[in-house]
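# coordinates only, sequence not included:
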């Protein structure tokens with residue numbers, strides 16, 4: 001079975017929905033953006049902080065999912081997540097196919113529990129592929145209460161540049 005068939009099986013049996021399908025990739029539940037082109041850049045912007053990684057997805061808050069090529073544990077090919085609430089890379093201890101299964105069937109609600117607010121679905125509904133939600137005070141700040149914080153759609157590279 002090829003990757004397209006596997007992806008179609010995942011999608012058809014998923015509780016989540018593809019909310020946008022763009023040339024750049026697909027958006028799942030208005031939150032996770034699976035990228036068509038993978039590498040060390042996002043929307044054509046190269047970040048030194050991504051050296052040794054291949055970016056496979058981003059989330060609406062500027063979190064980055066990347067395949068470890070030569071950065072952390074070469075040869076293992078685990079997916080790492082740059083968390084916008086801690087500004088640290090965290091190993092997800094899954095490889096690419098398991099990551100896709102998690103995106104469509106996994107417990108993303110638990111994973112994002114502290115980063116989502118009551119009206120997140122409504123607020124994220126019309127955010128374009130390479131845009132994200134900038135939260136201020138920033139998610140990593142002690143003062144941040146995600147429920148009452150200011151939220152604004154901005155270009156994704158603005159959010160990522162702030163986090164790096």
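Yes, it's here. Fair warning: this is a prediction, and the values are worked out from it, not measured in the lab.

# Does residue 138 touch residue 151 like I think?
No - the pair residue 138 / residue 151 is not scored as a contact, 11.6 Å apart, by CB atoms under 8 Å. Quick note: C-beta positions are derived from backbone N, CA and C, even for glycine.

# What residues does residue 33 make contact with?
Residues near residue 33 by CB atoms under 8 Å, 6 or more residues apart in numbering: 24, 25, 26, 27, 57, 58, 59, 60, 129.

# actually residue 96, not the one I typed
Counted by CB under 8 Å, 6+ apart, residue 96 has contacts 56, 67, 77, 79.

# among those residues, which two are most distant?
56 and 77 (11.2 Å; CB to CB).

# tell me the mean pLDDT for stretch 96-108?
Average pLDDT, stretch 96-108: 89.

# Could you do stretch 154-164 as well?
92.

# Any stretches of this protein with poor pLDDT?
1-23, 38-41, 43-44 (pLDDT under 70).

# switch the cut-off to 50
Low-confidence segments of the chain, defined by pLDDT under 50: 1-4.
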